[in-house]
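J.: heads up, no residue letters with this:
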């Protein structure tokens, strides 16, 4: 096995994931394991791999942060929608009971505050032992009543 190890051997090595080994690289490029180990030491493969993994972790954290911000924004908009629908129902007297409209407003305010203020949202607050299915139905009904529109944030 007297073949030269190409520059892309490190890329192959890095992409192996859980199967990562110098032996796998040696098989792929038709060279000896000791040749791969020598090349890896000379080209600092371990340090380069650690740097790649650090960068990948940072990028993943940035994506997670963006997803979290987007999720909280959606939750705040949903809270405002629920408030709006509750207020509209009170004004138009389109609900069977004013208490239903007040409950929608209260839940909307709670959801908006939870999305904006609290650092770790735990999901919708379920009161009155209604359960998540009933809350989901109420949210769907509120969105349907608003014809899919979401009111703008206060002051916009």
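T.: That came through, no problem. This is a predicted model, so every value here is computed, not measured. Numbering: from 1, shown residues only.
J.: Flag the shaky bits of this protein, pLDDT-wise.
T.: Within the chain, the set of residues satisfying pLDDT under 70 comprises 1-3, 90, 93-97, 118-140, 142-156.
J.: pull the longest helix from it.
T.: In the chain, taking DSSP state H as the definition, the longest helix is helix 45-92.
J.: Show the secondary-structure elements that it is packed against.
T.: Packed against helix 45-92, as judged by 3 or more CB pairs under 8 Å, 6 or more residues apart in numbering; DSSP states H and E, are the following elements: helix 9-15, helix 98-116, helix 132-145. For glycine as for every other residue, the C-beta is placed from the backbone atoms N, C-alpha and C.
J.: please redo it, this time with the cut-off set to 10 Å
T.: Counting contacts by 3 or more CB pairs under 10 Å, 6 or more residues apart in numbering; DSSP states H and E, helix 45-92 packs against helix 9-15, helix 33-42, helix 98-116, helix 132-145.
J.: Quick check: buried residues in the shortest one?
T.: Pointing back at helix 9-15 there. Neighbour-count burial for helix 9-15, with 16 or more other CB atoms under 10 Å as criterion, is recorded at 9-10, 13.
J.: Make JSON lines out of those residues and add distance to residue 141.
T.: What follows is the buried residues of helix 9-15, written out as JSON lines (distance: CB to CB, whole Å):
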{"residue": "9", "distance to residue 141": "60"}
{"residue": "10", "distance to residue 141": "57"}
{"residue": "13", "distance to residue 141": "55"}
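J.: Tell me the one of those residues nearest residue 43?
T.: Using CB to CB, residue 10 is the member of these that sits closest to residue 43, with 6.4 Å.
J.: Check whether the closest one really touches residue 40, as I assumed.
T.: Yes: counting by CB atoms under 10 Å, a contact exists between residue 10 and residue 40, whose distance comes to 7.8 Å.
J.: Now the common contact residues for the two.
T.: By CB atoms under 10 Å, 6 or more residues apart in numbering, residue 10 and residue 40 have these common neighbours: 25, 48-49.
J.: Just the buried subset of those residues, please.
T.: If we count by 16+ other CB under 10 Å, these have these buried: residue 25.
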